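Peer 1: Return a 3D structure for these sequence lines:
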Amino acid sequence: MWLATRMTKLGTAITEAIVYDYGTSAFLSRLSDPYWFQALGAVMGMDWHSSGITTSVMGALKRGLAPKADELGLYICGGRGRFSRNTPTELRQLGDRRGFDGEALVRTSRLTARIDNNAIADGFQIYLHNFVLTVDGEWAVVQQGLNDRSGLARRYHWHSATVKDFVADPHTGIVGENQGTIMNLVDTQARPAQKALLEIAHEHPDKTLHAARHLRLPAHHEVRAKNVDLKRLGAVLAVAYERGLHDFAELLLLENLGPRTLQSLALVAEVVHGAPSRFNDPARFSFAHGGKDRHPFPVPLKTYDKSINFLRTSLDAAKLGDREKIDGFRRLEGFVRAVETRLEPRADFDAVIKHEHELQKSLF
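Peer 2: Sure thing, here's the model as predicted:
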């Protein structure tokens with residue numbers, strides 16, 4: 001509960017910041033990127049490679065955004081287990097209240113679930129389904145399946161903006177271990193198989209996936225140096241701990257921050273403002289707030305709360321017309337990127353881990 005409450009607050013603030021600066025469509029685009037999603041979970045304190053990221057992140061976002069749904073124009077339906085089965089009811093109710101075609105949304109929700117659950121011969125069964133909808137009718141789906149035999153999970157990402165044909169490469173990506181050769185009836189090369197099935201069954205075949213991007217995560221729990229871009233992490237640490245860079249970063253943010261909080265905010269700022277290419281090493285974002293299973297280090301609660309407080313107060317001030325802090329937060333991401341490019345710092349991975357553990361007594 002101690003982490004779930006904080007994840008709800010931080011995830012809500014991050015989402016608001018993205019919507020505030022870029023709009024709801026941009027948020028759905030990020031949500032449908034498996035690398036960004038993994039980075040979001042890591043920066044929120046989940047273990048960077050854990051399948052539990054999906055349940056925890058989507059649950060936190062649904063809890064936190066529900067009271068702000070009409071304000072943001074962003075609605076999250078469904079969830080895990082029995083909550084996933086509530087998705088049609090939620091979509092119909094939302095349709096009645098906001099003027100959507102609820103039945104059309106229900107059909108889309110069911111279609112994405114059937115494609116991922118029934119037509120892929122890999123043994124994964126969907127147990128979590130979240131349908132995310134904007135006030136403009138744009139949608140994204142994040143769902144996860146479990147293989148009972150292996151105990152492994154696989155996550156599927158969809159975004160309406162990229163779905164041109166539900167039977168031809170409809171996904172934006174998946175997350176999971178490669179299971180070898182699979183039957184894929186929605187691959188662009190599967191048209192002959194689709195036609196044959198139609199002729200045999202006299203109805204549309206069940207459909208499956210072809211991932212545009214496939215994020216493979218290792219089996220080990222701990223964060224290792226090879227999982228992290230040490231140049232990128234080095235830039236964050238330089239901005240946090242080197243006096244001159246730290247002073248300039250504080251000037252950008254107009255805030256008196258300790259180095260550990262600045263380190264966290266720099267990584268959170270990248271989740272909000274970073275380009276898609278910046279998320280190919282999601283383990284790096286666990287250096288914002290650690291992980292609930294103590295990898296790469298225990299979650300520093302005081303730092304976590306300071307990150308939430310900074311984002312919350314910045315967003316509240318921006319809503320009243322004072323954009324200084326929220327604009328500084330945006331510039332922080334660019335500043336760290338400039339430090340990375342011009343100074344090319346590189347983190348000493350073992351020293352960073354040791355330093356983080358030494359800090360724990362003062363941060364809890």
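
Peer 1: so where's this protein uncertain?
Peer 2: 48-49, 51, 119-122, 167, 179-216, 219, 221, 361-364 (pLDDT under 70).

Peer 1: how's it carved up into domains?
Peer 2: 24-32+65-215, 225-363 (automatic domain parsing).

Peer 1: Adding mean neighbour count and distance to Ala39 as columns, could you present those domains in JSON lines?
Peer 2: No exception for glycine: its C-beta is placed from N, CA and C like everyone else's. Shown next, in JSON lines, are those (neighbours: other CB atoms under 10 Å; distance: least, CB to CB, whole Å):
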{"stretch": "domain 24-32+65-215", "mean neighbour count": "18", "distance to Ala39": "9"}
{"stretch": "domain 225-363", "mean neighbour count": "18", "distance to Ala39": "4"}
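
Peer 1: so can I have TSV of the ones you listed showing distance to Ile53?
Peer 2: TSV is the format used below for the domains of the chain (distance: least, CB to CB, whole Å):
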stretch	distance to Ile53
domain 24-32+65-215	8
domain 225-363	9
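
Peer 1: Out of these, which gets nearest to Val43?
Peer 2: Closest of these to Val43 is domain 225-363, at 4.3 Å (criterion: CB to CB).

Peer 1: thinking again about what came up before, closest one to Ala4 among the domains of the chain?
Peer 2: For Ala4, the closest of these is domain 225-363, at 9.6 Å, according to CB to CB.

Peer 1: quick one: which of the domains of the chain is nearest Leu3?
Peer 2: domain 225-363 (5.3 Å).

Peer 1: what does the host helix or strand of Ala338 rub up against?
Peer 2: Secondary structure from DSSP states H and E places Ala338 in helix 324-343. Helix 324-343 is contacted by residues 17, 20-21, 231-232, 234-236, 238-239, 245, 248-249, 252-255, 265-266, 269-270, 272-274, 310-311, 313-315, 317-318, 345 when judged by CB atoms under 8 Å, 6 or more residues apart in numbering.

Peer 1: Also stretch 84-92?
Peer 2: Identification of contacts with stretch 84-92 by CB under 8 Å, 6+ apart yields 77-79, 100, 102-103, 105-106, 109-110, 126-131, 133, 143.

Peer 1: go with 10 Å
Peer 2: 75-79, 83, 93, 100-110, 113, 126-131, 133, 139, 141, 143-144 (CB atoms under 10 Å, 6 or more residues apart in numbering).

Peer 1: Out of the domains of the chain, which is closest to Thr12?
Peer 2: domain 24-32+65-215 (5.9 Å).

Peer 1: That closest one: how far from the chain's middle?
Peer 2: A distance of 16 Å separates the centroid of the chain from that of domain 24-32+65-215, by CA atoms, centre = their mean, to the nearest Å.

Peer 1: Restricted to helices, list the contacts of helix 324-343.
Peer 2: Of those, the ones assigned to helices by DSSP state H are 17, 20-21, 231-232, 234-236, 238-239, 245, 248-249, 252-253, 265-266, 269-270, 272-273, 310-311, 313-315, 317-318.

Peer 1: now the end-to-end length of stretch 82-102.
Peer 2: Chord length of stretch 82-102, first to last residue, is 20 Å (CA to CA, to the nearest Å).

Peer 1: swap in stretch 138-157?
Peer 2: Length of stretch 138-157, first residue to last, CA to CA: 14 Å.

Peer 1: And stretch 267-278, by the same measure?
Peer 2: End-to-end for stretch 267-278, by CA to CA: 11 Å.

Peer 1: Give me the distance from it to the chain's centre.
Peer 2: Centroid displacement of stretch 267-278 relative to its chain, using CA atoms, centre = their mean, is 11 Å.

Peer 1: ranges for the strands of this structure?
Peer 2: 74-80, 125-134, 139-146, 153-159, 173-175, 214-215 (DSSP state E).

Peer 1: helices or strands up against the second one?
Peer 2: When contacts are defined as 3 or more CB pairs under 10 Å, 6 or more residues apart in numbering; DSSP states H and E, strand 125-134 packs onto helix 24-31, helix 52-65, strand 74-80, helix 87-98, helix 102-117, strand 139-146, strand 153-159.

Peer 1: Report the angle between the fourth one and helix 102-117.
Peer 2: It refers to helix 87-98. If you take axes from the mean of the first three to the mean of the last three CA atoms, to 10 degrees, helix 87-98 sits at 150 degrees to helix 102-117.

Peer 1: Export only the CA atoms of helix 87-98, formatted as CSV.
Peer 2: C-alpha atoms of helix 87-98 as CSV (Å, rounded to 0.1, in the frame of the first residue of the first chain):
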residue,chain,number,x,y,z
THR,A,87,-14.9,-3.1,-19.6
PRO,A,88,-18.1,-3.4,-21.8
THR,A,89,-20.3,-2.0,-19.1
GLU,A,90,-17.9,0.9,-18.4
LEU,A,91,-17.6,1.7,-22.1
ARG,A,92,-21.4,1.7,-22.6
GLN,A,93,-21.9,4.0,-19.6
LEU,A,94,-19.2,6.3,-20.9
GLY,A,95,-20.8,6.3,-24.3
ASP,A,96,-24.1,7.3,-22.8
ARG,A,97,-22.6,10.1,-20.7
ARG,A,98,-20.2,11.5,-23.3
